[in-house]
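Engineer: Generate coordinates for the sequence data below:
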Amino acid sequence: MSDHPDDPSEGFIDVAVAPFPSATTASPFPPMERATPETPPDPPSDWIETADAHDLPTRENALVALGRFAFPPAPAPDEEGVAARDRRWTGRTLMVTTVFLLVFNAVSIQNWARQQPPGWITATVQQLADVWADRIALLGADAPRQAVRDAYDQARDARFPGQAPAQD
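Structural biologist: Sure, this is the predicted structure:
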């Protein structure tokens, strides 16, 4: 009796172990058309055409049942409740979009302020927009906008071989 666990004399099979075994070319599952006496065809199916997996009995979790008992679902909202929920959703969506644009598209505020007729309010908005765009640039939040702009400029200026260069 040896102390080695892979010793064939102890009933273990000596198998070469490789970190990445290779696939064999012969399939242990031949196609049904080529069934051999060694591999008989599959037995007839026991599939029931009228069976539905949703008809199986299920057991409800005890905590789910307790939760439904302790905290029954609220009644469906009426029209006023649905309208209020929709207004809240719209307000949140507008706020998130506004903040997103203020952070990642600060240059548009500057461009808009430059297009307005001159005046005290326009000058104030333009100065605030300049400061805001400079602060956002320090954070690096203008990098995605600049990357999209550079990609657009490169695509616009691209030419086929032998074609005249793009005009400014």
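Engineer: going forward, measure contacts between C-alpha atoms and count neighbours the same way
Structural biologist: Fine.
Engineer: after the helix or strand in which R87 is found comes which helix or strand?
Structural biologist: Using DSSP states H and E, R87 falls within helix 79-104. With elements assigned by DSSP H and E, the helix or strand that comes after helix 79-104 is helix 107-115.
Engineer: for the following helix or strand past that next one, what is the average pLDDT?
Structural biologist: Going down the chain from helix 107-115, the next helix or strand is helix 120-139, by DSSP H and E. Mean pLDDT, taken over the full extent of helix 120-139, equals 94.
Engineer: Same question for stretch 156-166.
Structural biologist: In this model, stretch 156-166 carries a mean pLDDT of 87.
Engineer: So which bits of it are buried?
Structural biologist: Residues of stretch 156-166 include none that count as buried (16 or more other C-alpha atoms under 10 Å).
Engineer: C-alpha coordinates for that stretch, PDB please?
Structural biologist: C-alpha atoms of stretch 156-166 as PDB (Å, rounded to 0.1, in the frame of the first residue of the first chain):
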ATOM      1  CA  ARG A 156     -16.200  67.200 -40.800                       C
ATOM      2  CA  ASP A 157     -12.700  67.900 -42.100                       C
ATOM      3  CA  ALA A 158     -12.000  64.300 -43.300                       C
ATOM      4  CA  ARG A 159     -11.300  64.000 -47.000                       C
ATOM      5  CA  PHE A 160     -10.800  61.200 -49.400                       C
ATOM      6  CA  PRO A 161      -7.400  60.800 -50.900                       C
ATOM      7  CA  GLY A 162      -6.800  63.300 -53.700                       C
ATOM      8  CA  GLN A 163      -9.800  65.500 -52.500                       C
ATOM      9  CA  ALA A 164      -9.300  69.200 -51.900                       C
ATOM     10  CA  PRO A 165      -8.800  70.100 -48.200                       C
ATOM     11  CA  ALA A 166     -11.700  71.400 -46.200                       C
END
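Engineer: Let me see the mean pLDDT of the helix holding R87.
Structural biologist: Confidence over helix 79-104 (mean pLDDT, whole number) is 96.
Engineer: orientation of that helix relative to helix 120-139 in degrees?
Structural biologist: Calculated by axes from the mean of the first three to the mean of the last three C-alpha atoms, to 10 degrees, helix 79-104 forms an angle of 70 degrees with helix 120-139.
Engineer: and helix 79-104, which residues are buried?
Structural biologist: Buried residues in helix 79-104, counted by 16+ other C-alpha under 10 Å: L102, V103, F104.
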